[in-house]
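*Asks:* my questions concern the predicted model and sequence given below.
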Amino acid sequence: MSIQALRFLMLGSVLFSEYSHADLLEGCYSRTDKITSAIPMLNDNGSKSNERFKLKRSYVNVFKKEDKYFAEGLIWGFNFHICTITAPLEGTKEPLPLALKGKKLVFEEKEPEYDINCKFELEFDENGLNIKDENYHCSNYIFYCGAHASVHDVQLAKTNKGCN
């Protein structure tokens, strides 16, 4: 085999491995947690319940549309507070656009006049998806999140179930 053919083969394998890795990012990632209530919960008839928690499913759906990545999801926090992952467009529920940077999908929003520097990262490994929002700016200023919900340090497993 010639040196040029070998170089072409090596380049092709690098490009193909990056492409195939990117395709593996798509899918539904989720987990089920016991969400604890700070106040007594009520039964269907309105009386106080002895239950202090309910099982709730957090999820993020990652998908491609026309060679661009998007995500949408819902993360549950303490006392039934939620954090919705959507595009930061007031009054709409459009999916969040993401950029592929190495092996991560990233959304960044900077608004210097308000001292906002949101960097939302989806990191993928053999266990699934790890969400990062190091300075909590995405949770506090960009996404719709309750006081007891955040998207930082959330781990979700890839599942075959849909994210509906």
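*Replies:* In hand now; what should we look at?
*Asks:* element containing the spatially most central residue of the chain, please.
*Replies:* Geometric centre of the chain, nearest residue: V60, 4.6 Å, by Cα atoms, centre = their mean. Per DSSP states H and E: V60 is located in strand 53-65.
*Asks:* quick one: buried residues of the helix or strand just after that strand?
*Replies:* Once the chain leaves strand 53-65, the next helix or strand it forms, by DSSP H and E, is strand 68-76. Using 16 or more other Cβ atoms under 10 Å as the test for burial, strand 68-76 gives 69-76. C-beta coordinates here come from the backbone N, C-alpha and C atoms, glycine included.
*Asks:* just the element for the closest residue to K161 other than its chain neighbours, please.
*Replies:* Leaving aside its chain neighbours, K161 sits nearest to C28 (6.3 Å; criterion: Cβ to Cβ, 6 or more residues apart in numbering). For C28, the host element (DSSP H and E) is strand 27-36.
*Asks:* all strands of the protein, in order?
*Replies:* 27-36, 53-65, 68-76, 82-85, 96-101, 104-111, 116-125, 128-132, 144-145, 154-159 (DSSP state E).
*Asks:* out of the ones you listed, which comes closest to N45?
*Replies:* strand 53-65 (17.1 Å; Cβ to Cβ).
*Asks:* got a list of what L25 touches?
*Replies:* Neighbouring residues of L25 by Cβ atoms under 8 Å, 6 or more residues apart in numbering: 62, 69, 100, 105, 122, 124.
*Asks:* where in this protein is pLDDT low?
*Replies:* Low-confidence segments of the chain (pLDDT under 70): 1-23, 164.
*Asks:* same thing but at 90, please
*Replies:* In the predicted model, the chain carries pLDDT under 90 at residues 1-24, 37-44, 46-52, 88-93, 103, 160-164.
*Asks:* gap between K101 and L122?
*Replies:* K101 sits 10 Å away from L122, going by Cβ to Cβ, to the nearest Å.
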